[in-house]
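okay, predicted coordinates and the sequence, questions at the end:
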Amino acid sequence: MRKTAILLSALLMGCTMGPDFKPPAPPAETSYTKEPLRQTSGDASVKAGAPQTYVMDRDFPAEWWTLFHSPDLDQLIRASIASNPNLVAAEASLKAAMENVKAQIGAYYPQVAGGLSASRVKDSQVLSPTLASSSLLFSLYQAQLGASWTLDLWGANKRQVEALNAQAEGQHYQLEATYVALTANVVAAAVQEASLRDQIAVTNEILAAERQVLTIEQHQKELGQIAGADVAAQEVVVAQTEQSLPPLQKQLAQQRDLLTALAGRLPSNEIPQSFTLDALTLPVELPVSLPAKLVEQRPDIKIAEANLHSASAELGVAIANRLPNITLNATYGTVGTQVSQLFGPGSGFWNLGAGLTQPIFDGNQLLHKSRAARDLLDQASAQYQASVIAALQNVADVLHAIQSDGDALRTAAAAQVAAQRSFTIARQQLDAGQIGRLQLLSAQQAYLQTRLALSQAEAARFADSAALFQALGGGWWQRQDEKQASN
C-alpha cells in the first residue's frame, strides 16, 4: 500500500527532463585593455580639457547624464523617457510576455468546461429506438461538465513555463536596453548639436576673415599691386568655406529633428532646449566596472543569457514530448427530452477515465525536433559568448577612444595657443607698420582654424565619455523601480 502511494505521488509530481540551467561563469579577466588604464592627457586651461581618471569597480547613478551638469539635457531626457513610443512598445512587449507565462501556468490545473445543447432527433425505423417510449421523433436536451487533466509526468509544462519565464526576462532586459539606448542617444545628439553650433559659429568667423582678405586683395589688384590670379585664388578659398556651411547647417537641422523625435514629438513641434559646448561639464572621474560585473549590467548580455535559458528549457520540452503521457478525464451531466427533465430523477450520467499515450511512430518528427532543440541550445550558448566578447570589445574601444581624445585635445589646445600667439604678434606688427593687414587676416584665419579643431576635440571627449556610460550598461540597475523589483 505504501509503495503504491509513493508511486502515485511520483506520477503526480513527475520529474523534469532536460538540463537544469546554470548561468554561464563570468569572465575571469580584470581589465579590458592590454595596457593598464592610466590618466588621460588633456589641457586644464581648456574648459573641457582636464585630464580624466578611471575609478575601477565604481558604480554610477542611473541618471548618469546629470554628471554633465546641464539642466536642459536633464529636462530633455526626462521628457524623452516619458514620451518616447519605443519605450511604450517595449513595456507592452514585456507585459505580453508575462501574460504568456501566466497562461502556461494554467496548464498545471485540470481544464473544466461546461456545455448545454438542444437538438431535434428522428430515429431510423430500421434501428432500435433510442427512447424507452419507442418514440422515433423527439427533442433532446443535455447539460454537462467535462474535466481533463494531463499529468506533467516528465516536466514538459514545467520546462515550458521556465522557457516562457526566460523569454519574459529577456523582454525585461530588452526594455532596459531600449531605456539605455534612448538616454545615450539623447546625450550623443545633444553633444553633436552643441559641436555643430560651435563649428558653424567658428566657420562664420573664418568666412568673415577670408572675405576681409578678399576685399583687401581686390583693392590691391585695382592698385596694380597683385595679379588677378591672387584674387581668384582667394575667391576659391572663400567659396570653399561658404560651401562648408550648408552641410553643417543641414546636420544641425537633422540633429534638432532627431532630438525632437527622441522626445516623442513631431518635427513641427520642435523641442525648446538647445545645446552648446560651453553649457556642458566634462566628468573628470570615469567609473569602470570589472568584466565580471559587466556581464550582469549589460542588457544585451542579459538578453543573450535569457535566450540561452529559454533554449535550455525548450530542450527539456522536446525530450519530454517523446515520452508517454497520462490524461485523466471526467464527465458529469444530465439529459432529457424536455427541459424540465434535465434535473429530474434518472436523468444524470457520468464517466471517469484515464488514458496513456506513447508516441510509437511519427516519421521521427519528435526525434529530429529534440535534436534541433539541442542544436539551438548550442547556438544560444555561442551567441552568449559572442555577446560577452562584443561587450568587452565595446568597452575597450571606448576606453581607447577616450585616451586618444585626451591626446587630440592636448595637441589641439597647443596648436590654438600657438596660433593665438602668432595672431597677437601679427597685430603688434601691424600696429608697428611692419606687416600689412593681409598678413594679419591670414594669421587670424589660421587661429580660427585651430579653434575649430579644438571645438571638435572637445565634442569628441563629451561624446566618448557618454559612450562609456552606455558601454558599461547605462546604470539601469540603479533606478528606484529596479531596486524595488529586485527586493
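That came through fine.

residue 149 falls within a strand, correct?
Yes - counting by DSSP: H, G, I helix; E, B strand; the rest coil, residue 149 is part of a strand.

which residues touch the nearest residue to it once chain neighbours are set aside?
Once flanking residues are discounted, residue 149 sits nearest to residue 110: 3.9 Å by C-beta to C-beta, 6 or more residues apart in numbering. Just so you know, the C-beta spots here come from the backbone N, C-alpha and C atoms, and that holds for glycine as well. Counting by C-beta atoms under 8 Å, 6 or more residues apart in numbering, residue 110 touches 147, 148, 149, 328.

now do the helices in the stretch 151-300 of the chain.
156-222, 228-262, 291-297, 299-320 (DSSP state H, counting those that start in this stretch).

next, format the ones you listed as CSV and append distance to residue 369.
Listed next are the helices of the stretch 151-300 of the chain as CSV, based on distance: least, C-beta to C-beta, whole Å:
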stretch, distance to residue 369
helix 156-222, 13
helix 228-262, 43
helix 291-297, 31
helix 299-320, 5
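
and these, which is most packed in?
Burial of the helices of the stretch 151-300 of the chain is given as mean neighbour count (mean count of other C-beta atoms under 10 Å); helix 299-320 ranks first at a mean of 23.

using PDB, write out every CA atom in that one.
Extracted in PDB, the C-alpha atoms of helix 299-320 (Å, rounded to 0.1, in the frame of the first residue of the first chain):
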ATOM      1  CA  PRO A 299      21.300  44.500 -21.100                       C
ATOM      2  CA  ASP A 300      22.400  42.800 -24.400                       C
ATOM      3  CA  ILE A 301      24.400  40.200 -22.400                       C
ATOM      4  CA  LYS A 302      21.400  39.600 -20.100                       C
ATOM      5  CA  ILE A 303      19.100  39.200 -23.200                       C
ATOM      6  CA  ALA A 304      21.600  36.600 -24.600                       C
ATOM      7  CA  GLU A 305      21.600  34.800 -21.200                       C
ATOM      8  CA  ALA A 306      17.800  34.800 -21.100                       C
ATOM      9  CA  ASN A 307      17.800  33.300 -24.700                       C
ATOM     10  CA  LEU A 308      20.200  30.600 -23.500                       C
ATOM     11  CA  HIS A 309      18.000  29.800 -20.500                       C
ATOM     12  CA  SER A 310      14.900  29.600 -22.800                       C
ATOM     13  CA  ALA A 311      16.800  27.300 -25.200                       C
ATOM     14  CA  SER A 312      17.800  25.000 -22.300                       C
ATOM     15  CA  ALA A 313      14.200  24.700 -21.200                       C
ATOM     16  CA  GLU A 314      12.900  24.100 -24.700                       C
ATOM     17  CA  LEU A 315      15.300  21.100 -24.900                       C
ATOM     18  CA  GLY A 316      13.600  19.700 -21.900                       C
ATOM     19  CA  VAL A 317      10.200  20.200 -23.500                       C
ATOM     20  CA  ALA A 318      11.400  18.400 -26.700                       C
ATOM     21  CA  ILE A 319      12.700  15.400 -24.700                       C
ATOM     22  CA  ALA A 320       9.500  15.200 -22.600                       C
END
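
other SSEs contacting it?
Helix 299-320 sits against helix 156-222, helix 291-297, helix 365-431, with contacts defined as 3 or more C-beta pairs under 8 Å, 6 or more residues apart in numbering; DSSP states H and E.

what's the closest of the ones you listed to residue 62?
Of all the helices and strands packed on helix 299-320, it is helix 156-222 that lies closest to residue 62, at 9.1 Å by C-beta to C-beta.

now do that closest one, average pLDDT.
Helix 156-222 shows an average pLDDT of 93 in the prediction.

what about it, distance to the chain center?
Centroid separation for helix 156-222 versus its chain: 17 Å, with C-alpha atoms, centre = their mean, to the nearest Å.

packing partners of that helix?
helix 71-83, helix 85-105, helix 228-262, helix 299-320, helix 437-471.

any idea of the mean pLDDT in the shortest one?
With pLDDT averaged residue by residue, helix 71-83 scores 96.

likewise the fourth one?
The average of the pLDDT scores along helix 299-320 is 96.

tilt between that helix and helix 365-431?
Angle of helix 299-320 versus helix 365-431, following axes from the mean of the first three to the mean of the last three C-alpha atoms, to 10 degrees, is 170 degrees.

quick one on the thing from earlier: who wins for proximity to residue 59 among the helices of the stretch 151-300 of the chain?
helix 291-297 (8.8 Å).

could you name the helices and strands sitting against that closest one?
If contacts are counted by 3+ C-beta pairs under 8 Å, 6+ apart, helix 291-297 sits against helix 299-320, helix 365-431.

so which of the helices of the stretch 151-300 of the chain gets nearest residue 371?
Across those, residue 371 has its closest neighbour in helix 299-320 (8.4 Å, C-beta to C-beta).

hang on, the earlier thing: quick check: the residue nearest to residue 149 vs residue 148, distance?
Separation of residue 110 from residue 148 (C-beta to C-beta, to the nearest Å): 7 Å.

what's the answer for residue 59, then?
Using C-beta to C-beta, we find residue 59 at a distance of 52 Å from residue 148.

quick one: the helices and strands packed on helix 156-222 as CSV, columns for distance to residue 272 too.
Output for these, formatted as CSV (distance: least, C-beta to C-beta, whole Å):
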stretch, distance to residue 272
helix 71-83, 9
helix 85-105, 20
helix 228-262, 10
helix 299-320, 31
helix 437-471, 21
